[in-house]
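J.: coordinates only, sequence not included:
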Ligand SMILES: Cc1ncc(COP(=O)(O)O)c(C=O)c1O
């Protein structure tokens with residue numbers, strides 16, 4: 001019997017090593033990895049610069065406490081701030097924690113309690129972040145939830161407009177819903193959010209845990225829109241596999257998170273900072289982001305072209321290297337068959353195949369994946 005809680009249905013792949021876009025199992029079988037730890041290993045597995053930075057930092061000091069000035073925190077915060085709409089950063093260890101911090105911050109800063117989130121959203125598994133999540137299946141069995149959340153249909157400007165009032169502390173959204181099926185916000189929906197934010201003086205929180213750190217071809221996904229979030233939450237790709245998360249907030253919010261208001265023993269740990277600094281120093285370079293955009297254009301054009309006559313496919317969506325292929329039927333058998341053949345992909349809801357390759361994926365690897373997916377869906 002396993003000594004683990006069975007919270008995950010494990011895949012039948014025992015990973016022995018991984019590099020770049022490749023995973024090798026304990027039989028020596030190689031897989032093309034279009035999961036990347038669920039949008040985490042954005043620079044590919046075992047990236048030499050990130051690994052070297054982690055090892056060097058481990059050999060200097062691995063942990064002290066936030067009672068000390070920690071090497072790297074100011075530098076990582078500086079990079080996050082100079083590439084976003086924010087002015088200050090709080091570090092934590094995961095996406096759920098970053099969203100938990102955001103929930104606390106919007107309430108403390110505005111003195112208001114109501115938070116609007118969206119159906120099919122996913123914000124994490126802690127009590128606050130699961131209460132923010134607009135999916136009943138995530139709530140089930142964990143009630144009572146944290147109070148104050150209203151879940152509205154995504155991209156529904158009318159529903160949002162008619163629900164807003166002066167008591168709303170924040171509108172909290174993913175600009176592309178990842179777990180919910182790779183659904184992008186429309187320009188019109190974001191324009192409505194901007195209008196309502198000004199009218200009702202509420203905050204806008206963008207959960208960039210999955211869409212951030214270059215995944216969509218910009219430093220942050222919201223940068224595809226005319227939007228200046230008050231709070232951005234990040235994790236996943238920030239440490240390229242080393243656990244680290246963060247909340248990036250505007251200047252006006254700094255006083256609400258004063259000494260003693262919030263904290264985390266491990267948040268901003270020196271090794272996490274070494275991993276984050278070496279990761280985002282590469283990802284945020286203009287030339288790197290441009291390459292993602294070029295690969296994305298190539299991939300979307302090619303896959304839309306080859307799958308245009310495929311009867312199994314309903315729609316292809318996404319931005320950058322976050323791709324959703326919506327099918328007419330459940331995709332679990334397609335995903336397991338692709339895995340047997342050596343391509344690792346994910347689902348996003350029952351009918352969507354989700355591709356999240358490392359951002360360093362090569363054109364040849366994109367072609368290989370495309371050929372395998374096309375063959376599988378055409379069968
Ligand atoms: C958009 C989004 N927010 C939050 C989370 C939760 O992040 P974590 O698993 O690091 O707590 C996830 C994880 O999939 C996510 O996709």
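T.: Noted; the coordinates are in hand. Computed from a predicted structure; not experimentally measured. Residues are numbered from 1 along each chain as shown.
J.: For residue 184, give me phi and psi.
T.: According to degrees, to the nearest 10, the main-chain angles of residue 184 amount to phi -90, psi 150.
J.: since we're on the closest residue to it other than its chain neighbours, how many residues are nearby?
T.: Counting by C-beta to C-beta, 6 or more residues apart in numbering, residue 184 lies nearest to residue 176, which is 4.9 Å off, once chain neighbours are set aside. C-beta coordinates here come from the backbone N, C-alpha and C atoms, glycine included. Neighbour count of residue 176, defined by other C-beta atoms under 10 Å: 25.
J.: in terms of contact, does residue 176 touch residue 217 like I think?
T.: No: contact between residue 176 and residue 217 fails when scored by C-beta atoms under 8 Å: they sit 11.4 Å apart.
J.: which residues do the two both contact?
T.: By C-beta atoms under 8 Å, 6 or more residues apart in numbering, residue 176 and residue 217 have these common neighbours: residue 319.
J.: Any buried residues in stretch 135-148, and which?
T.: Within stretch 135-148, the residues that qualify as buried are 135, 138, 148, counting by 16 or more other C-beta atoms under 10 Å.
J.: any weak-confidence spans in the protein?
T.: Counting by pLDDT under 70, the chain contains no low-confidence range.
J.: Show me which residues of it are close to the ligand?
T.: Neighbours of the ligand within the chain, by C-beta under 6 Å from any ligand atom: 38, 94-96, 99, 122-124, 174, 178-179, 207, 209-210, 235.
J.: Apply 5 Å and report the result again.
T.: Within the chain, the residues that sit near the ligand (C-beta under 5 Å from any ligand atom) are 94-96, 123-124, 174, 178, 207, 209-210, 235.
J.: Go through those residues and flag which are in strands.
T.: For these, membership in strands holds for residue 207, with DSSP state E as the criterion.
J.: Widest-spaced pair of the residues of the chain next to the ligand?
T.: The most widely separated members of the residues of the chain next to the ligand are 94 and 174, with 15.9 Å between them, by C-beta to C-beta.
J.: For those two, indicate the residue with more neighbours.
T.: Per other C-beta under 10 Å, whichever of residue 94 and residue 174 has more neighbours is residue 174, with 27 against 20.
J.: hang on, isn't that one packed against residue 212?
T.: No: under the criterion of C-beta under 8 Å, residue 174 makes no contact with residue 212, lying 10.2 Å away.
J.: what is in contact with these two at once?
T.: Counting by C-beta under 8 Å, 6+ apart, the residues touching both residue 174 and residue 212 are residue 221.
J.: correct me, but residue 335 touches residue 351?
T.: No: using C-beta under 8 Å, residue 335 and residue 351 do not qualify as a contacting pair, with a distance of 11.3 Å.
J.: In the stretch 101-250 of the chain, mark out all the helices, start to finish.
T.: The residue ranges that make up the helices of the stretch 101-250 of the chain, judged by DSSP state H, counting those that start in this stretch, are 127-132, 136-139, 157-163, 187-200.
J.: Just want the most central residue of this structure.
T.: Within the chain, the residue whose C-alpha comes closest to the C-alpha centroid is residue 210; the distance, by C-alpha atoms, centre = their mean, is 0.9 Å.
J.: Quick one: the strands in the stretch 1-150 of the chain, in order.
T.: Counting by DSSP state E, counting those that start in this stretch, residue ranges of the strands within the stretch 1-150 of the chain are 15-19, 22-25, 30-33, 88-92, 114-118, 149-152.
J.: Now for the nearest residue to residue 219 once chain neighbours are set aside: which residues touch it?
T.: Nearest residue to residue 219, sequence neighbours excluded (C-beta to C-beta, 6+ apart): residue 83, at 4.3 Å. Going by C-beta under 8 Å, 6+ apart, residue 83 touches 219-220, 280, 284.
J.: now swap in residue 271 and tell me
T.: Remark: with contacts taken as C-beta under 8 Å, 6+ apart, residue 271 is in contact with 54, 57-58, 62-63, 242.
J.: Wait, residue 14 touches residue 24, no?
T.: No: Residue 14 is not in contact with residue 24 according to C-beta under 8 Å; the separation is 10.0 Å.
J.: Distance check, the residue in the chain that the ligand sits nearest to against residue 339.
T.: Residue nearest to the ligand within the chain (C-beta to the nearest ligand atom): residue 95, separated by 2.3 Å. Note on residue 95: its distance to residue 339, by C-beta to C-beta, to the nearest Å, is 25 Å.
J.: which of these two has more neighbours?
T.: Under the criterion of other C-beta under 10 Å, the comparison of residue 95 against residue 339 puts residue 95 first, with 27 against 16.
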